[in-house]
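Student: Build me a structure from this.
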Amino acid sequence: MSPDIYRIWVYLAETPLLWLTATLVAYVVAERLSRALGRHPLASPTILAAGLLVALLVATDTPYADYFEGAQFVHFLLGPATVALAIPLWHHRAQVRHNLVPMLAALFAGSVTAIVSAVGIAWAFGAPETILWSLAPKSTTSPIAMALTEPFGGIPALAAVLVLLTGMVGAIVVTPLMNLLRIRDFAARGFAAGVASHGLGTARAFQVSQEAGTFAGIALGLNGAMTAILFLLIPLLL
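Tutor: Next up, the predicted model:
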């Protein structure tokens, strides 16, 4: 190891920047692996990067709290990134306005199905109420899910994990499933991916088609708002 690289390593190892750097490097490596594998559904950069980081944390026996001390800088950007999803909605406002009724119908059906199906299955298997509330917002982004879960007695950290798992599954199955169903409209494919599997599904949709990714981003933002509205209505229905 050269003296310059060694000095950089010593500096990073003594600051939270180590894990921020590790996160960014893991994603760069995962992105190159995904490209080399032809963008296979199982080779999502986010999934590969998460696997690399988990392996690194286990190998170095690093507590998650220590990792998050540095990675929180990336986590902070989730909020602004979610708000920025309003940009594709504005750019495609004419197309959205033209298809507003079917989009709202699909949004409502998708949001309700995502909540009811997950909570219903977990309830049938005897899951406690804290798990049910943590599971309910699984198809939104992590910041929204964590904010919605806590007031109802759920576990924000668990909600974030369930969101990640939902996105991983969605990113893997969305393209093969849409091909199997012979759905050729990329706007519809993207919208479904955004509603069901939030950011990871949206990232996968962008790899398939710019149009699909755009409408996945629109669906992601709208689904966050719809899920929040549904959560506000739940106490009134109980």
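Student: And the protein, split by domain according to the record?
Tutor: 1-76, 84-238 (automatic domain parsing).
Student: May I see the ones you listed arranged in TSV, with mean pLDDT and mean neighbour count as well?
Tutor: Bear in mind the C-beta positions are built from the backbone N, C-alpha and C, glycine included. Below are the domains of the chain laid out as TSV (pLDDT from 0 to 100; neighbours: other C-beta atoms under 10 Å):
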stretch	mean pLDDT	mean neighbour count
domain 1-76	77	14
domain 84-238	86	19
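Student: who's in contact with Lys81?
Tutor: Rather than Lys, residue 81 is Ala. Taking C-beta atoms under 8 Å, 6 or more residues apart in numbering, we find Ala81 in contact with Gly199.
Student: check which helix or strand covers it.
Tutor: helix 78-83 (DSSP states H and E).
Student: Which neighbouring elements make contact with the helix or strand that comes right after that helix?
Tutor: Following helix 78-83 in sequence order, the next helix or strand is helix 86-91 (DSSP H and E). Helices and strands touching helix 86-91, by 3 or more C-beta pairs under 8 Å, 6 or more residues apart in numbering; DSSP states H and E, are helix 210-237.
Student: and the helix it packs on, how far from the chain's centre?
Tutor: 13 Å (C-alpha atoms, centre = their mean, to the nearest Å).
Student: which ones are touching the residue nearest the centre of the chain?
Tutor: Centroid-nearest residue in the chain: Gly199, 3.7 Å away (criterion: C-alpha atoms, centre = their mean). Gly199 is in contact with 81, 141, 167, 220, counting by C-beta under 8 Å, 6+ apart.
Student: Recalculate using a threshold of 6 Å.
Tutor: Gly199 makes contact with Thr141, according to C-beta atoms under 6 Å, 6 or more residues apart in numbering.
Student: what's the answer for Ser44, then?
Tutor: Ala171 are the contacts of Ser44 under C-beta under 6 Å, 6+ apart.
Student: how much space between it and Thr130?
Tutor: Distance, Ser44 to Thr130, by C-beta to C-beta, to the nearest Å: 29 Å.
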